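Asks: Here is my input, please return the structure:
(2 chains)
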Protein chains: 2
Amino acid sequence: MLTDSNVANHYLIPCLSALQIGTENALVLPAGEATKSWQSAERVLDWLLAANLPRDAVLIALGGGVIGDLAGFCAAIYQRGIDFVQVPTTLLAQVDSSVGGKTGINHARGKNLIGAFHQPVAVVADTDTLKTLPARELKAGLAEVIKSAMLGDAALFRRLERDLDLLLGLDPDRIVDAIERCCRLKARIVGIDERERLSGGPRALLNLGHTFGHAIETFTRYESWLHGEAVAVGLCMAADLSMRTGAMTEKDAGRCTALVQRTGLPTRPPPGMTADDFLRLMSRDKKVVGGQLRLVLLHGIGEAQLSADFDPGLLQQTLEHFCAVPAAVDAAAPA
Amino acid sequence: MLTDSNVANHYLIPCLSALQIGTENALVLPAGEATKSWQSAERVLDWLLAANLPRDAVLIALGGGVIGDLAGFCAAIYQRGIDFVQVPTTLLAQVDSSVGGKTGINHARGKNLIGAFHQPVAVVADTDTLKTLPARELKAGLAEVIKSAMLGDAALFRRLERDLDLLLGLDPDRIVDAIERCCRLKARIVGIDERERLSGGPRALLNLGHTFGHAIETFTRYESWLHGEAVAVGLCMAADLSMRTGAMTEKDAGRCTALVQRTGLPTRPPPGMTADDFLRLMSRDKKVVGGQLRLVLLHGIGEAQLSADFDPGLLQQTLEHFCAVPAAVDAAAPA
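Replies: Alright, predicted model coming up:
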């Protein structure tokens, strides 16, 4: 079992007890994104090899996306691949990163640049673990829930609008329903193109808001903004651009921004970030093909499509609109 | 293109010229097994990332098994997998390691303990490269050719008996025929169980002689014996045990040993290695399941079967027979 120091404090002993195994079966790594490194992977592999684990061993990832991605990668390359189980303990991991088989680590040149496709044999999401999740991380996880609803589940979107307060209060039925719908949607999309072989295939839709979001994360050096917070702004920008292209009504775009705002997520890029910053950073995106930027646009709530033939002038309008000095400071923006 | 310093001296410039690309597209690593390491993999990935290679890039492995295994592993984990092409320049790589999709690196605790299954999009074996291969390595490669014939191609075995001198002289038709038959056999076996999921499945047959051979390699610390040389002795031992169990005739077992000997390969374990050494080292083999040693035995030339229910007393006889002080020093034994 691989976990981090934060999660271990709450859940390591109960998990080991439930499995009736001792603490020698667990490796606890420092919490935080820095753990998703080449050096950590080496440490995990050294540990697995020191224990002389056979090829039918199972590695359990107990934690958020960092632990899940790292454990999955190590499971993928330990003796050419062993089984692993995801036990995601953050909302972000429960609705997104634990499903789909993307595993990997970061490199000085960028995130997730080294990795493998390796499906977990099971994903066990215990929503009770969300009770110890900081409120800010819960909201960041909800950004991916909103994303799922926007790109492919209009019914979920309506439920989020109706039940947002219950969700923020971790109402068990509502949270289980939301997680289940996100996982089903993602599994359906991933199942069509498990290894992301189709350039511009359905899997690209999962990047709704992410090209804008990655630019924000890079601009802020992955320091002050959580991934979900950057995605939240990206969702508002994608909705805005979709409205400008005429694909989405002004009313639906407004509903998207309103839901993000009500969740307590930021809706504006960080102060000081300009339209040129966005264009420069977005042009480096992995999804750029032949110098052509491709973005996921909305054709109504619940209907997304990858587009490369939008008018660059409209993108410029969206960027300038969002990068204009806001009338009031965005209360939800990270410091 | 990834290669090593030995191969680069002969073939790097011609290969780059043929592809009409410059030397900045090649990374030359030190020749030798030590290059198959975690550190080398990091160096290759750093280099790929510094060049900002896109996901549709192709990595070419120009070299023997070390370069092929390392390049394949790096291709498997660079941005979650890019295409790679094997251009094997040793006989061992041409008949064995370049086919089948096993990639990986070594660890202080053992060989190939970290890796991935990743199929090359093409294997280009140019038999002209064998002209610069040291004679000892050519013979070591022939050990795997003999192995293939013994386990699944009786016709190839007869051709080897008939044409061995022509093969050692690199007669083009004979060498191409032998390589092609080995690749076809391996591809057929691997195709049944690409990821070695079937415990005791057909892929295990490719390990004929290897459990004995690995024990020799470990005993000599992978220093003085080439892999093919250790396998050569293992083939003789497997034939001997198969004869003792009654599965193989004494005559056929004798033909196996004779062919190994005529090739100029060793037929005896290193001096000082005892039956107990074999038992101790073989029990650590990856193929041990539930404490039960499994060996590939022959039921005639060209017919192999994985067996776990042989009489341990017969294995003891084989080990003692081979570890007895030889009447004459084995002329082909490595120093």
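Asks: Mind jotting down where the helices sit in the stretch 151-300 of chain A?
Replies: Per DSSP state H, counting those that start in this stretch, the stretch 151-300 of chain A carries helices over the ranges A:154-168, A:172-192, A:210-219, A:227-244, A:250-262, A:275-282.
Asks: For the residue lying closest to A:F219 once chain neighbours are set aside, the count of nearby residues, please.
Replies: With C-beta to C-beta, 6 or more residues apart in numbering or on different chains as the criterion, A:F219 has its nearest non-adjacent residue at 5.2 Å, and that residue is A:M273. Backbone N, C-alpha and C define where each C-beta goes, glycine included. A:M273 has 19 neighbouring residues, counting by other C-beta atoms under 10 Å in any protein chain shown.
Asks: Show me what the helix or strand hosting A:I60 is packed against.
Replies: In this assignment (DSSP states H and E), A:I60 forms part of strand A:58-63. Packing partners of strand A:58-63 (3 or more C-beta pairs under 8 Å, 6 or more residues apart in numbering or on different chains; DSSP states H and E): strand A:2-4, helix A:5-7, helix A:65-77, strand A:83-88.
Asks: check whether the third one contacts chain B.
Replies: Yes - taking C-beta under 8 Å from any C-beta of the partner chain as the criterion, helix A:65-77 and chain B are in contact, through A:73, A:76-77.
Asks: just curious, which of the residues you listed is nearest to chain B?
Replies: When these are compared for distance to chain B (C-beta to the nearest C-beta), A:I77 wins out at 5.3 Å.
Asks: what sits against that closest one?
Replies: A:I77 sits next to A:41, A:45, A:116, B:73, B:76-77, B:114-116 when contact means C-beta atoms under 8 Å, 6 or more residues apart in numbering or on different chains.
Asks: With A:D96 instead?
Replies: A:65, A:141, A:144, A:182, A:186.
Asks: Where does pLDDT dip in the stretch 201-335 of chain A?
Replies: Within the stretch 201-335 of chain A, the ranges that satisfy pLDDT under 70 run A:285-291, A:325-331, A:335.
Asks: what's the single longest strand in chain A?
Replies: The longest strand of chain A (DSSP state E) is strand A:110-117.
Asks: who does that strand touch, helix- and strand-wise?
Replies: Counting by 3+ C-beta pairs under 8 Å, 6+ apart, the packing neighbours recorded for strand A:110-117 are helix A:65-77, strand A:102-107, helix B:38-50, helix B:65-77.
Asks: need the ones you listed in JSON lines with distance to A:G209, can you?
Replies: Output for the helices and strands packed on strand A:110-117, formatted as JSON lines (distance: least, C-beta to C-beta, whole Å):
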{"stretch": "helix A:65-77", "distance to A:G209": "17"}
{"stretch": "strand A:102-107", "distance to A:G209": "17"}
{"stretch": "helix B:38-50", "distance to A:G209": "26"}
{"stretch": "helix B:65-77", "distance to A:G209": "27"}
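Asks: among those, which is nearest A:S17?
Replies: For A:S17, the closest of those is helix A:65-77, at 19.3 Å, according to C-beta to C-beta.
Asks: Report the angle between the closest one and helix A:227-244.
Replies: Put simply, helix A:65-77 runs at 100 degrees to helix A:227-244, going by axes from the mean of the first three to the mean of the last three C-alpha atoms, to 10 degrees.
Asks: Only the buried residues of stretch A:160-175, if you could.
Replies: Going by neighbour count (16 or more other C-beta atoms under 10 Å in any protein chain shown), the buried part of stretch A:160-175 is A:160, A:163-164, A:167-168, A:174-175.
Asks: just the CA coordinates of it, formatted as CSV?
Replies: Provided in CSV are the C-alpha atoms of stretch A:160-175 (Å, rounded to 0.1, in the frame of the first residue of the first chain):
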residue,chain,number,x,y,z
LEU,A,160,-25.7,20.4,-9.4
GLU,A,161,-27.7,23.7,-9.8
ARG,A,162,-30.5,22.3,-7.6
ASP,A,163,-28.4,20.5,-4.9
LEU,A,164,-25.1,22.5,-4.8
ASP,A,165,-25.5,23.3,-1.1
LEU,A,166,-26.3,19.7,-0.2
LEU,A,167,-23.2,18.6,-2.2
LEU,A,168,-21.0,21.2,-0.4
GLY,A,169,-22.4,19.8,2.9
LEU,A,170,-21.4,16.3,1.7
ASP,A,171,-24.9,14.9,1.7
PRO,A,172,-24.2,11.2,1.1
ASP,A,173,-26.8,10.5,-1.5
ARG,A,174,-26.0,13.6,-3.6
ILE,A,175,-22.2,13.1,-3.4
